[in-house]
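Predicted model and sequence follow; I will ask about them next.
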Amino acid sequence: MLIMTLTSFSKLVVVLALGVSSFHSYSQSAEKPNVLFITIDDMNDWTSVFNKSNPIKTPNIAKLAERGAFFTHAYVSSPACNPSRASVMTGTRPHKTGIYGNKSDWRNTLPASKTIQRYFRDNGYFVCGSGKVFHHFNDWAYHDNASFNEFLMMAINEPYPDQKLNGLEEYGSKNLDWGAWPDDISKTADYRTAEYAIQKLEQNFDQPFFLNVGIYKPHSPFFAPQEYFDRYPSEIQMPVLLPDDRKDLPDGANELLKPSDHFWSGMVKALEKDPDAYKNYVRSYQACASFADDMIGKIIDALDKSPHKENTIIILWSDHGFHLGEKEHFEKFALWEKTTHIPFIVIAPGVTKPHMVIDKPVDMASIYPTLAELCGLKIPSDTDGISLVPLLKNPDIKIPPALMTYMKGNHAVRTERWRYIQYSDGTEELYDHSNDPNEWFNVAGKEKNAAVIEKLKKYIPNKNADQVPDLEVTH
């Protein structure tokens, strides 16, 4: 491995393959499409890509969706960074691997598993990237160097302000902060990630490339330059909340939510000090989402100006959704619609057509096999998801519903109409999206829905791996 220092907070990691160099000229480069793989952190479904009237404006993502297939009902494998990303990158499902939490040691759990990046690298692709691709916890301890020929490593948030911008020092860590920051956009990690991608797209390659772009915002802290706050007036549209929304939750739900309940209860307390805290929190999330959208727009513009435009597959997805107070909940770490519903776009030359809209629910365990098939590679036998290529060719075919898992024994199944959640203690939630898109009313206890539940139960895993050990980090 060769490490080159680029700045005080970033470094270029170049991985040289042993034996046959991974930089060899690839004779079939004209036949293999390139891949632009865009991962966004914490982007929920309140954006304009889903509905032009939604308050979070993401025009670049919306424009990108019009170029190919936009999946209106796309769901993560797990509503947390590490298990979601490990599932996508290895093509496995959490209930089979035991990778449930943000500290789960995914690499040592799956030592023989090839990530999608490593699989493409071994099949003649130049694999590079920057930003948050694997989970960034503990100074990138979860990053997988063997997956890349080249990767720009850098701090996600640097520098931080000397004091919290929101003035709420007692509310969470320094990451639970929001406001206009920094004064120079070039200081942000996402700007540097976009610049890296642009530079790569301007290059010529003698083999197909797999370019990974990990956009960190709108992940907390909700920092973005002032210009993005200016797009949202102080009197913004707020989420519509139902009083006592959680009164019909079963024991299993309340138990699962305990570790993350402090986010909401802390906000309730913060409002005593700053009555505008909740509004400013939501506005800051919106600003960060628009900032992320702009960075994606810059990258797509660079692709369009490059010689790679006509032969590049674009995949855009988010690692999970995000609650902004709905169901008295902040962040992720739950199995509801807001935590699991994400933007998902596939643009594949020769396969997708402009303005394709696919309404069938899909989950992100499908990304690995889908990309492999689109690029003419054999789908590895150890991947758990299904390829979506047949669906891209014929949106009317039948596929299984989307499956989501968070922590051992807790699962959600999503069809076009229903969300069914079964917790590890056997308790249940059922929401009818035909008349309850906000999931305000748990109708699992209604006798008329017994047949629906029995049908959906068939998709709930009956075996659940034990949770794997946390990664041991030495300093």
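Structure received.

Would you check how far apart the spatially most central residue of the chain and His135 are?
Nearest to the geometric centre of the chain sits Asp319, at 1.5 Å (Cα atoms, centre = their mean). Taking Cβ to Cβ, to the nearest Å as the measure, Asp319 falls 9 Å from His135. C-beta here means a position set from N, CA and C on the backbone, and glycine is covered the same way.

Verify the contact between the residue nearest to the centre of the chain and Asp42 for me.
Yes: Asp319 is within contact range of Asp42, at 7.4 Å (criterion: Cβ atoms under 8 Å).

OK, contacts around Phe344?
70-71, 74, 316-318, 362, 364 (Cβ atoms under 8 Å, 6 or more residues apart in numbering).

so where do the strands sit in the stretch 201-350 of the chain?
Ranges of strands in the stretch 201-350 of the chain, per DSSP state E, counting those that start in this stretch, are 209-215, 222-224, 312-318, 323-324, 330-331, 341-342, 344-347.

Rebuild those as TSV, extending it with distance to Gly91 and mean pLDDT.
Shown next, in TSV, are the strands of the stretch 201-350 of the chain (distance: least, Cβ to Cβ, whole Å; pLDDT from 0 to 100):
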stretch	distance to Gly91	mean pLDDT
strand 209-215	15	98
strand 222-224	32	97
strand 312-318	14	98
strand 323-324	28	98
strand 330-331	26	96
strand 341-342	18	98
strand 344-347	16	98
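
want to try a markdown table for those, with distance to Phe263 as columns?
Output for the strands of the stretch 201-350 of the chain, formatted as a markdown table (distance: least, Cβ to Cβ, whole Å):
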| stretch | distance to Phe263 |
| --- | --- |
| strand 209-215 | 22 |
| strand 222-224 | 13 |
| strand 312-318 | 19 |
| strand 323-324 | 9 |
| strand 330-331 | 4 |
| strand 341-342 | 19 |
| strand 344-347 | 26 |
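
Minimum distance to Lys63: which of those has it?
Nearest of those to Lys63, taken as Cβ to Cβ: strand 344-347 at 10.5 Å.

ok, that closest one: who's next to it in the sheet?
strand 69-71 (antiparallel), strand 312-318 (antiparallel) (DSSP bridges).

closest to Tyr100 out of the ones you listed?
Among the strands paired with strand 344-347, strand 312-318 sits nearest to Tyr100 (Cβ to Cβ), with 19.2 Å.

Just want the angle from the closest one to strand 209-215.
Interaxial angle of strand 312-318 relative to strand 209-215 (axes from the mean of the first three to the mean of the last three Cα atoms, to 10 degrees): 30 degrees.

and strand 312-318, C-alpha only, in CSV?
Taking C-alpha atoms only, strand 312-318 is exported to CSV below (Å, rounded to 0.1, in the frame of the first residue of the first chain):
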residue,chain,number,x,y,z
THR,A,312,-21.6,4.5,-17.4
ILE,A,313,-24.2,2.9,-15.2
ILE,A,314,-25.3,5.2,-12.4
ILE,A,315,-26.6,3.9,-9.1
LEU,A,316,-27.8,6.3,-6.4
TRP,A,317,-29.1,5.1,-3.0
SER,A,318,-29.1,6.2,0.7
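
and that strand, how far from the chain's centre?
12 Å (Cα atoms, centre = their mean, to the nearest Å).

I'd like to know how many residues surround Ala155.
Ala155 has 16 neighbours, counted by other Cβ atoms under 10 Å.

follow-up on the earlier one: looking at the strands of the stretch 201-350 of the chain, which is closest to Asp245?
Of all these, strand 323-324 comes closest under Cβ to Cβ, at 11.2 Å.

Sheet partners, orientation included, of the closest one?
Strand 323-324 has these strand partners (DSSP bridges): strand 330-331 (antiparallel).

rewinding a little: who touches both of Asp319 and His135?
Joint contacts of Asp319 and His135 (Cβ under 8 Å, 6+ apart) are 81, 85.

Just the endpoints, please. Distance across stretch 390-398?
Start to finish, the residues bounding stretch 390-398 are 10 Å apart (Cα to Cα, to the nearest Å).

Could you shift the numbering so residue one becomes 45, and keep it that way?
All set: I'll call the first residue 45, so the last point we hit is now stretch 434-442.

average pLDDT across it?
Mean pLDDT, stretch 434-442: 96.

List the buried residues of that stretch.
435-436 (16 or more other Cβ atoms under 10 Å).

Which residues does that stretch contact?
Contact partners of stretch 434-442, identified using Cβ under 8 Å, 6+ apart, comprise 113, 390, 392, 395-396, 400, 402-404, 406, 443.

Could I get the contacting residues of Gly135?
Counting by Cβ under 8 Å, 6+ apart, Gly135 has contacts 160, 409, 411-413, 424, 426-429.

which two from these end up farthest apart in space?
Ile411 and Asp426 (14.8 Å).

measure Ser478 to Pro303 for me?
According to Cβ to Cβ, Ser478 stands 32 Å off from Pro303.

helix, strand or coil for Ala495?
Assigned with DSSP: H, G, I helix; E, B strand; the rest coil, Ala495 falls in the helix class.

roughly how far apart are it and Met451?
As judged by Cβ to Cβ, Ala495 and Met451 stand 28 Å apart.

Nearest to Pro294 among the contacts of stretch 434-442?
Nearest to Pro294 among these: Val406, at 27.0 Å, using Cβ to Cβ.

and that closest one, what is it in contact with?
115, 117-119, 388, 432, 435, 443, 446.

make it 7 Å
Val406 is in contact with 115, 118, 432, 446, counting by Cβ atoms under 7 Å, 6 or more residues apart in numbering.

Can you name the residues bridging to it?
Beta-bridge partners of Val406, as defined by DSSP bridges: Ala118.

cool, and Val457?
Leu447, Tyr464.

Tell me how many other residues crowd the nearest residue to Ile280 once chain neighbours are set aside.
In this structure, Ile280 finds its nearest non-sequential neighbour in Arg327, 5.1 Å apart by Cβ to Cβ, 6 or more residues apart in numbering. Neighbourhood size, Arg327 [other Cβ under 10 Å]: 24.

Please list all residues in contact with Arg327.
The contact partners of Arg327, by Cβ under 7 Å, 6+ apart, come to 273, 276, 280.
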